[in-house]
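Colleague: no sequence on this one, just coordinates:
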């Protein structure tokens with residue numbers, strides 16, 4: 001499963017820098033959310049998801065699925 005934040009960037013043709021400005025977050029927040037190192041999605045990113053008319057709960061669930069799959073992959077190396 002792909003990270004839903006990465007999918008959001010691709011759908012909107014946004015760069016990393018674009019997302020920093022649009023979501024009004026620092027670079028490390030975007031980095032941590034893209035890598036899956038944050039346990040939850042940043043509230044400002046979820047606010048952006050709302051503004052785009054997407055369901056924040058679906059987005060959060062996809063992010064957790066992404067993290068769970070990533071964790072399994074790392075444990076099975």
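Modeller: On my side now, so go ahead. Everything numeric in this text was worked out from a predicted model, so none of it was measured.
Colleague: now do the host helix or strand of residue 30: which elements does it pack against?
Modeller: Residue 30 is part of helix 27-35, with elements assigned from DSSP states H and E. Under the contact criterion of 3 or more C-beta pairs under 8 Å, 6 or more residues apart in numbering; DSSP states H and E, helix 27-35 touches helix 4-12, helix 16-23, helix 43-51. Any C-beta I mention is one placed from the backbone N, CA and C, and that applies to glycine too.
Colleague: would you format those as TSV with distance to residue 66, mean neighbour count and mean pLDDT included?
Modeller: What follows is the helices and strands packed on helix 27-35, written out as TSV (distance: least, C-beta to C-beta, whole Å; neighbours: other C-beta atoms under 10 Å; pLDDT from 0 to 100):
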stretch	distance to residue 66	mean neighbour count	mean pLDDT
helix 4-12	7	16	97
helix 16-23	16	15	97
helix 43-51	13	16	98
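Colleague: make TSV out of these and add distance to residue 35.
Modeller: What follows is the helices and strands packed on helix 27-35, written out as TSV (distance: least, C-beta to C-beta, whole Å):
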stretch	distance to residue 35
helix 4-12	10
helix 16-23	12
helix 43-51	14
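Colleague: many thanks, we can stop here.
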